[in-house]
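Peer 1: Let's see this in three dimensions:
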Amino acid sequence: MRFLTAAMLALAAGACMQTPQTYRDLDKLGRDYQREVSATPQTAEEATRRDSCGALRLAYLVGTPAAQIDRAALPARARIITPDMMVTQDFSAERLNVMVGSDGKVGSLACY
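Peer 2: Here you go, the predicted structure:
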């Protein structure tokens with residue numbers, strides 16, 4: 001009976017062990033990571049060009065007074081930026097930024 005229990009435990013422990021990763025596996029992980037990073041926009045210009053924040057569907061806002069913007073229609077992390085407003089410099093390709101000019105109207109939309 002003890003032998004059977006010991007054999008079962010050894011078999012279960014062996015099944016849980018992972019095979020060591022080879023250099024080929026690690027190279028594949030590196031290539032996958034590089035593809036993932038290169039697929040993500042790295043600058044505001046690139047993010048806006050790729051429309052990673054959905055700015056194109058809201059292009060109709062350009063030229064409208066900022067006071068008339070329905071914030072519920074904007075994505076969750078969107079920012080409305082006025083000329084005298086301080087904003088963080090962190091980059092987030094998915095965040096919509098609505099730039100308002102000194103005249104109080106939306107001048108442009110960008111992703112950053």
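
Peer 1: and the most centrally placed residue in the chain, what does it touch?
Peer 2: If you average the C-alpha coordinates of the chain and look for the closest C-alpha using Cα atoms, centre = their mean, you land on residue 94, 5.5 Å from that point. Under the criterion of Cβ atoms under 8 Å, 6 or more residues apart in numbering, the contact partners of residue 94 comprise 52-53, 75, 77, 111. From N, CA and C alone the C-beta is placed, and that goes for glycine too.

Peer 1: Make a ChimeraX selection of the buried ones in those.
Peer 2: The buried subset of the contacts of residue 94, as determined by 16 or more other Cβ atoms under 10 Å, is captured in ChimeraX by this line:
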select :52,53,111
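
Peer 1: Which single one of the contacts of residue 94 is nearest to residue 64?
Peer 2: Of all the contacts of residue 94, the one with the least separation from residue 64 (Cβ to Cβ) is residue 75, at 17.1 Å.

Peer 1: what helix or strand does that closest one sit in?
Peer 2: Residue 75 is part of no helix or strand, with elements assigned from DSSP states H and E.

Peer 1: give the contact list for the closest residue to it other than its chain neighbours.
Peer 2: Nearest residue to residue 75 in three dimensions, chain neighbours excluded: residue 96, at 5.2 Å (Cβ to Cβ, 6 or more residues apart in numbering). If a contact means Cβ under 8 Å, 6+ apart, then residue 96 has 53-55, 58, 74-75, 77-79, 109-111 as its contacts.
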